[in-house]
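Colleague: sequence first, then the predicted structure, then my questions.
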Amino acid sequence: MITERELLEELKISRTTLWRLKKMGMPYIKVGSAYRYDKEEVIQWFKSNKISSFDKIGYKEIEIDYSSSSEALEAISILSEKIKKEDMFAEITGKNTVTVYLRQVDMNKLKSIESNNAVIKKIINAIESIKSYGVRGGKRIFIDYDKEKKVTNRKQKEQARGKYFYAQGHEYTKQNNQLPDEFVNQIICGDSEEVLKKLPDNCIDLIFTSPPYNFGLEYDSQNDGYVWDDYFNKLFKIFDECIRVLKYGGRIIVNIQPLFSDYIPTHHIISNFFMERKLIWKGEIIWEKNNYNCKYTAWGSWKSPSNPYLKYTWEFLEIFSKGSLKKEGDKNNIDISADEFKEWVVAKWAIAPEKDMAKYGHPAMFPEELARRVIKLFSYQNDVVLDPFNGVGTTTAVAKKLNRKFVGIDISKEYCEKALKRINQITLPYF
């Protein structure tokens, strides 16, 4: 038996390559925290797996044909200059054949290469045609992005357990209706509970909102310090109307932050309300703000397990569907890219907080990027987006930019005027 250091010296490979070999099944023995290798057994494993070159281990191989040797050599040179070898490289492997060894790549960087080289163009097209990949750090990941334990007979097991049992037996109708023209693309000042009663059933595709958190913030026309029972009673009356106007298959997404100092799990209480109304819980997104505003001295029991006070740098987006998880729509109205989809379905979004709250005179705005991701991921172009707590109009402004119809409601005249001003400053096509 030989040590790991001895094996590395014998094979003249890096620890990273050794790690990949072990993941591929190369035999080893673990002794405590150390690894030992039977040299003859390792050599036999290489032969049985037809491994003769270590520098290509852990890459996806793509073969590209070429007609000009000079163009092929130029393409290889360009890639070696622009792209790190550990991400991707190429070499001539046969007559009229270039093999690309691909692990991960920044497609924007690759496509920005200014070259009329035909082989480069073929390589880009070949990589673009690969539909199965992950996304991390702005790069498409083609190796080991989907390594996870697979569940056998998944559908049978789901049926046996009972999917979203809490939403079974609902009485929601599949008949959807058009939003009357008088409400399309409107900012409406008023009590959302009363305004929403004027809308027909099943006429809204997506509701994205962030109600007042009841933290005691200084809104223009909104008391943000209700007794909790009063707060939830009013909120749920508005949400009942939201459920009524939401289309079958439509989504309601609520951005909320619990008041940790009061030990009120607002996100759980709101989620429980929707589940009691037999909506389907589609998921939860963590909005990581990374603002670290929690750096204050309220530690609870300092340096003691008696009662430590937990601190948070994130908020929650609770996502529910009405009647069905699937939303019907015209595929020609899909505007989310493949990379956006793959990145955003990972339900932790690192987005900086809104920086222009002072400019708009509002104490609790979410950034446009948050609304942009929600709207593109959960709706089609030409869908109707509603925000019943529209504030100064972030949701409605982004909806207009993304070619969605919108309805924004807020009780503050001042906020509604600012929301309308934002809308009027947007000139389409925006993108």
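Modeller: Thanks, I have it.
Colleague: please pull out the lowest mean pLDDT helix or strand from the chain.
Modeller: Lowest on mean pLDDT, DSSP states H and E among the helices and strands of the chain sits helix 357-360, with a mean of 76.
Colleague: after that helix, next one along is what?
Modeller: helix 368-378 (DSSP states H and E).
Colleague: can you pull the contacts of Asp387?
Modeller: Asp387 is in contact with Ile207, Phe208, Thr209, Thr395, Thr396, Phe406, Val407, Gly408, Ile409, counting by Cβ atoms under 8 Å, 6 or more residues apart in numbering. Using the backbone N, CA and C atoms, a C-beta is placed for each residue, glycine as well.
Colleague: let's go with 6 Å and repeat that
Modeller: Thr209, Thr395, Gly408 (Cβ atoms under 6 Å, 6 or more residues apart in numbering).
Colleague: that one pairs with what?
Modeller: The residues listed as beta-bridge partners of Asp387 by DSSP bridges are Gly408.
Colleague: separation between it and Leu21?
Modeller: Taking Cβ to Cβ, to the nearest Å as the measure, Asp387 falls 54 Å from Leu21.
Colleague: can you list the strands that the longest strand anywhere in the chain pairs with?
Modeller: Longest strand in the chain by number of residues (criterion: DSSP state E): strand 246-256. Here strand 246-256 is paired, per DSSP bridges, with strand 204-209 (parallel), strand 314-321 (antiparallel).
Colleague: quickly find the element holding Trp19.
Modeller: Per DSSP H and E: helix 15-23 holds Trp19.
Colleague: can you give me the buried ones in that helix?
Modeller: Thr17, Leu18, Arg20, Leu21 (16 or more other Cβ atoms under 10 Å).
Colleague: between those, which is nearest Gln381?
Modeller: Arg20 (43.1 Å; Cβ to Cβ).
Colleague: just give the closest residue to that closest one, not the sequence neighbours.
Modeller: In space, and not counting its chain neighbours, Arg20 is closest to Gly58: 4.2 Å by Cβ to Cβ, 6 or more residues apart in numbering.
Colleague: for the stretch 251-400 of the chain, which segments count as strands?
Modeller: Ranges of strands within the stretch 251-400 of the chain are 280-288, 314-321, 348-350, 384-387, based on DSSP state E, counting those that start in this stretch.
Colleague: of those strands, which is nearest Lys85?
Modeller: The nearest among the strands of the stretch 251-400 of the chain, by Cβ to Cβ, is strand 348-350 at 28.9 Å.
Colleague: how far does the closest one sit from the chain's center?
Modeller: Taking Cα atoms, centre = their mean, to the nearest Å, the mean C-alpha location of strand 348-350 is offset from the chain mean by 7 Å.
Colleague: quick one: contacts for Thr394?
Modeller: Met365, Glu368, Ala371 are the contacts of Thr394 under Cβ under 6 Å, 6+ apart.
Colleague: repeat that with 7 Å
Modeller: Met365, Phe366, Glu368, Ala371 (Cβ atoms under 7 Å, 6 or more residues apart in numbering).
Colleague: can you check Pro353 too?
Modeller: If you count contacts by Cβ under 7 Å, 6+ apart, then Pro353 has Lys289, Asn291, Pro367 around it.
Colleague: repeat the analysis, applying 8 Å as the threshold.
Modeller: Counting by Cβ under 8 Å, 6+ apart, the residues that Pro353 touches are Lys289, Asn291, Phe366, Pro367.
Colleague: how near is the nearest residue to the first one once chain neighbours are set aside to Ala364?
Modeller: If the residues on either side of it in the chain are set aside, Lys289 comes closest to Pro353, at 4.9 Å by Cβ to Cβ, 6+ apart. Between Pro353 and Ala364 the distance, using Cβ to Cβ, works out to 10 Å.
Colleague: quickly list what Glu61 is bridged to.
Modeller: What pairs with Glu61, by the bridge criterion (DSSP bridges), is Tyr101.
Colleague: tell me what angle the longest strand of the chain forms with strand 280-288.
Modeller: 30 degrees (axes from the mean of the first three to the mean of the last three Cα atoms, to 10 degrees).
Colleague: against Ile375, how distant is the residue nearest the centre of the chain?
Modeller: The centroid of the chain falls nearest to Trp344 when counting by Cα atoms, centre = their mean (1.8 Å). As for Trp344, its distance to Ile375 is 11 Å (criterion: Cβ to Cβ).
Colleague: skip ahead from whichever strand or helix holds Ile187 and say which helix or strand is next.
Modeller: Using DSSP H and E, Ile187 sits in strand 186-189. Next in sequence after strand 186-189, counting helices and strands by DSSP H and E, comes helix 192-196.
Colleague: how about that following helix as PDB, C-alpha atoms only?
Modeller: Provided in PDB are the C-alpha atoms of helix 192-196 (Å, rounded to 0.1, in the frame of the first residue of the first chain):
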ATOM      1  CA  SER A 192     -57.600  47.300  -1.300                       C
ATOM      2  CA  GLU A 193     -60.300  45.200   0.300                       C
ATOM      3  CA  GLU A 194     -63.000  47.600  -1.200                       C
ATOM      4  CA  VAL A 195     -61.300  48.100  -4.500                       C
ATOM      5  CA  LEU A 196     -60.800  44.400  -5.200                       C
END
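Colleague: now it: how far from the chain's centre is it?
Modeller: 31 Å.
Colleague: what residues sit buried inside it?
Modeller: Ser192, Glu193, Val195, Leu196.
Colleague: stretch 274-292 too?
Modeller: Result for stretch 274-292 [16+ other Cβ under 10 Å]: buried residues Phe274, Arg277, Lys278, Leu279, Ile280, Trp281, Ile285, Trp287, Lys289.
Colleague: hang on, the earlier thing: wait, which of the strands of the stretch 251-400 of the chain is closest to Leu110?
Modeller: strand 348-350 (24.2 Å).
Colleague: and the closest one, which strands flank it?
Modeller: strand 280-288 (parallel).
Colleague: quick check: which ranges of the stretch 51-200 of the chain have low pLDDT?
Modeller: Within the stretch 51-200 of the chain, the stretches with pLDDT under 70 are 52-56, 146-151.
Colleague: where do the strands sit along it?
Modeller: 60-65, 88-94, 97-102, 104-105, 134-136, 139-141, 186-189.
Colleague: buried sites along stretch 33-52?
Modeller: Tyr35, Tyr37, Val42, Trp45.
Colleague: in a markdown table: those residues, plus secondary structure, pLDDT and distance to Ile123.
Modeller: Supplementary listing: these in a markdown table, determined by DSSP: H, G, I helix; E, B strand; the rest coil; pLDDT from 0 to 100; distance: Cβ to Cβ, whole Å:
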| residue | secondary structure | pLDDT | distance to Ile123 |
| --- | --- | --- | --- |
| Tyr35 | strand | 89 | 37 |
| Tyr37 | strand | 89 | 37 |
| Val42 | helix | 83 | 34 |
| Trp45 | helix | 83 | 32 |
